[in-house]
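In: here you go, sequence then predicted model.
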Amino acid sequence: MITLKRDRRLQGAVVVCAALLLVPLAVHDTFYLRVLTEAIMWIGLALAFDALAGYTGYLNFGHQAFFGIGAYTTAVLMMKSGWPFFLAVAAGGVAAAIGALIIGLPTLRLRGTYFAIATWALARAIQQLALVTNLVGGPGGIRLTAYLNPVYFFYVMLGVVAAIFFVLWFLLERAPFGLKLKAIREDQDSAKALGLNPTLLKNLAFILSAVPTALIGGVFAYWITYIDPGSTLGDLVSDQALVMVIFGGMGTLIGPAIGAVLIFGFKTLFWTYLAAYEVLYTIVLGGVIALTVVFLPNGVLGLFYRSRRGRNAPSLLRPKTGMPEPSGKEA
Amino acid sequence: MAEPILRVERVSKAFGGLTAVNDVSFEMNRGEILGLIGPNGAGKTTLFNVISGYYRPTHGRVFFNGRDISHKPPYYLAARGIGRTFQVVKPFAGLTVLENITIASFLKHPRRAQAEAHAWKVLEFTGLADRAKIQAASLTLAGRKRLEISKALALEPTFLLLDEVVAGLNPTEADRTIELILKVRDQGITILIVEHIMRVIMGISDRLVVLNFGMKIAEGSPAQVAADPGVIKAYLGEEQE
């Protein structure tokens, strides 16, 4: 039953990807193509965020560090060493994997709250480092040779994000790996008794979250042609990804995609029609997150679940206070 | 005599100034059920945690199949054949019963389909098959205790540590769990069990080890231990003159 359902959703994802392939044939307006490209980018960032947050329960408030590492590695290799675009993006992914290990090995031994604080602080440090490093242009950032071809970047972004989706789908929903991560999320001590090494698995999940983020960052750099510490290493990347994941439905792969489309759509409308009130955007974002936690603990996807299956899944957002002891003895 | 499956050698575990387990030694033979008893706070669960790798002993060593395992992490011991349950049950609450057992089955069956097939077998064995698709969170206490045992069994262990799997159950459920434990023993699995309920522990144990204030005060058959004046004193206190 469940397998069938998952298969159907996978088929749905394939159909959506195929439909998106046709978009540039119908949409010729550069602005709309750009909006769609960015929407796809946010789907990818939300998915990568959820690979760690939703499946292991560790919130990475320094997610932007990997986006920045990808963007900067790509930019530096292309501009200073003349590397071809795809190779430079791949190198960004490798750099992020190494970065994830350096950050993850000491911090993923900590419990979730401390991990969130540590990653937030480390990302801040990396942003400061970029500001004072001449190789990466300091506060001025790096300008890349412009390649003004919106259709090309639409397809590159779509290809990268689709690849990320299907790889994550396979590893997290099909292979034993995803279930093992969920075991750690649910109860680390119990997982250990079952032969799982939590530190190892969490680090693998961290890499699985960091590498896609960096790949997207690399594509972003070449597409936008100008990067600086504010745009690629700023808090907004992780904050928005977090809101998208929670709003859409944490611990799934469909939820973050839905959340990304809805939140990014809202953001685009807001910034297009209410540009004068731009400052209100983050306030609204905060409101959305608060309301979601209270009223939609399983996100938008949770609404769907409840009505379809009558199943009330426990929320990942609610603190775990251990199992309530049942009063009745036998059901 | 054959080499003991487990040898606990002068193990102590201190938390700051509190010595929870103090210089305890005993051995276990293959295929036996050893009951570990003692009043509240005697150090039974602490000793369990030392044997299963959750605590490192302050002094002493634990040997499993002749190998020193005193400083090995729990997941290493699970791979060596040691399964355990937790006194405070630890189900993966957000996952289904089947998923809970499947995760444990990955140890011996790395592929998902095989692990799931094995999980079904374990569920049939422990009598949880009819509840396979429900969330672990919605199991009753009896169900959760059974799930704990099922998870440990899915590891296909040679040695099982059961921490109060009967306590809190009504008499019918308790009898069913005892039946299950004996069925597990008949498969050749060695069992170390902590239990408060004397009726249970006296009935199923081949031998008993009694702890009091972290120290071993008696060891022997249930009949011997029940007649031991030191044990009676620990449980009932001393008669006033």
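Out: It's in. Computed from a predicted model, the values in this text were never measured in an experiment.
In: so which residues of chain B form strands?
Out: For chain B, the strands defined by DSSP state E occupy B:6-15, B:18-28, B:33-37, B:59-64, B:67-68, B:82-84, B:159-163, B:190-194, B:207-212, B:215-220.
In: tilt between the third one and strand B:18-28?
Out: Going back to what we said before, that points to strand B:33-37. For strand B:33-37 against strand B:18-28, the angle by axes from the mean of the first three to the mean of the last three Cα atoms, to 10 degrees is 160 degrees.
In: strand B:33-37 pairs with which strands?
Out: Using DSSP bridges, the strands paired with strand B:33-37 are strand B:190-194 (parallel), strand B:207-212 (parallel).
In: buried deepest among the ones you listed, which one?
Out: strand B:190-194 (a mean of 25; mean count of other Cβ atoms under 10 Å in any protein chain shown). The way it works is simple: take the backbone N, C-alpha and C, and place the C-beta from them, glycine included.
In: what's the angle from that strand to strand B:159-163?
Out: Between the axes of strand B:190-194 and strand B:159-163, defined by the same axes, to 10 degrees, the angle is 10 degrees.
In: can you tell me which residues contact A:Phe206?
Out: By Cβ atoms under 8 Å, 6 or more residues apart in numbering or on different chains, A:Phe206 lies in contact with A:Leu52, A:Tyr58, A:Asn60, A:Ala100, A:Leu101, A:Ile103, A:Gly104, A:Leu108.
In: repeat that for 7 Å
Out: A:Leu52, A:Ala100, A:Gly104, A:Leu108 (Cβ atoms under 7 Å, 6 or more residues apart in numbering or on different chains).
In: so what's the first one closest to, chain neighbours aside?
Out: Take A:Leu52 and drop its neighbours on the chain: the residue closest to it by Cβ to Cβ, 6 or more residues apart in numbering or on different chains is A:Ser209, 3.9 Å away.
In: just to be sure, that neighbour is in a helix?
Out: Yes. Counting by DSSP: H, G, I helix; E, B strand; the rest coil, A:Ser209 is part of a helix.
In: what's the burial count for it?
Out: A:Ser209 is flanked by 27 other residues according to other Cβ atoms under 10 Å in any protein chain shown.
In: report whether stretch B:121-140 contacts chain A.
Out: Yes. Against chain A, stretch B:121-140 shows contacts by Cβ under 7 Å from any Cβ of the partner chain at B:Ala137, B:Thr140.
In: name the residues of that stretch that are buried.
Out: B:122-123, B:125-126, B:128-129, B:131-132, B:135-140 (16 or more other Cβ atoms under 10 Å in any protein chain shown).
In: re earlier: out of the strands of chain B, the one nearest B:Pro74 is which?
Out: strand B:82-84 (7.9 Å; Cβ to Cβ).
In: ok, the closest one: who's next to it in the sheet?
Out: Here strand B:82-84 is paired, per DSSP bridges, with strand B:159-163 (parallel).
In: so which elements touch the worst-scoring helix or strand of chain B on mean pLDDT?
Out: Ranking every helix and strand in chain B by mean pLDDT, DSSP states H and E puts helix B:229-236 at the bottom, with a mean of 84. Judged by 3 or more Cβ pairs under 7 Å, 6 or more residues apart in numbering or on different chains; DSSP states H and E, the packing partners of helix B:229-236 are strand B:215-220.
In: quick one: distance of the strand it packs on to the chain centre.
Out: Distance, stretch centre to chain centre, for strand B:215-220: 18 Å (Cα atoms, centre = their mean, to the nearest Å).
In: check stretch A:112-129 too.
Out: Worked out by Cα atoms, centre = their mean, stretch A:112-129 lies 16 Å from the chain centre.
In: give the buried residues for that stretch.
Out: Buried residues in stretch A:112-129 (16+ other Cβ under 10 Å): A:Phe115, A:Ala116, A:Ala118, A:Thr119, A:Trp120, A:Leu122, A:Ala123, A:Arg124, A:Ile126, A:Gln127.
In: A:Ala71 is in contact with A:Gly218, correct?
Out: Yes. The pair A:Gly218 and A:Ala71 passes the contact test of Cβ atoms under 7 Å, sitting 6.2 Å apart.
In: where along chain A do the strands fall?
Out: Here chain A has its strands, by DSSP E, at A:142-143, A:226-227.
In: just the ones you listed: most buried one?
Out: Highest mean neighbour count among the strands of chain A (mean count of other Cβ under 10 Å): strand A:226-227, a mean of 20.
In: parallel or antiparallel, list what pairs with it.
Out: Assessed with DSSP bridges, strand A:226-227 is paired to strand A:142-143 (antiparallel).
In: residues making contact with the strand it pairs with?
Out: Taking Cβ under 7 Å, 6+ apart as the rule, strand A:142-143 contacts A:Ala75, A:Val76, A:Met79, A:Val136, A:Thr225, A:Tyr226, A:Ile227.
In: switch the cut-off to 6 Å
Out: For strand A:142-143, the external contacting residues (Cβ atoms under 6 Å, 6 or more residues apart in numbering or on different chains) are A:Ala75, A:Tyr226, A:Ile227.
In: next: stretch A:39-54.
Out: Here stretch A:39-54 has contacts from A:58-60, A:63, A:157-158, A:161, A:164, A:168, A:205-206, A:208-209, A:212-213, A:216, A:241, A:244-245, A:250-251, A:256-257, A:259-260, A:264, using Cβ under 6 Å, 6+ apart.
In: shaky segments in the chain?
Out: Answering for chain A, as no chain was given. For chain A, residues meeting the criterion pLDDT under 70 lie at A:1-7, A:305-331.
In: can you look at chain B instead?
Out: Along chain B, the model assigns pLDDT under 70 to residues B:1, B:239-241.
In: okay, helices next: where are they in it?
Out: Assigned by DSSP state H, chain B shows helices spanning B:44-51, B:74-80, B:97-105, B:112-126, B:141-154, B:171-186, B:198-204, B:222-227, B:229-236.
In: dump the ones you listed to CSV, plus distance to A:Phe270.
Out: Shown next, in CSV, are the helices of chain B (distance: least, Cβ to Cβ, whole Å):
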stretch, distance to A:Phe270
helix B:44-51, 54
helix B:74-80, 48
helix B:97-105, 40
helix B:112-126, 43
helix B:141-154, 47
helix B:171-186, 57
helix B:198-204, 65
helix B:222-227, 74
helix B:229-236, 71
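In: stretch B:171-186 near chain A anywhere?
Out: No. Legend: contact between stretch B:171-186 and chain A by Cβ under 6 Å from any Cβ of the partner chain is lacking; minimum distance shown is 6.6 Å.
In: list the buried residues of that stretch.
Out: So for stretch B:171-186, counting by 16+ other Cβ under 10 Å, buried means B:Glu173, B:Ala174, B:Arg176, B:Thr177, B:Ile178, B:Leu180, B:Ile181, B:Val184, B:Arg185.
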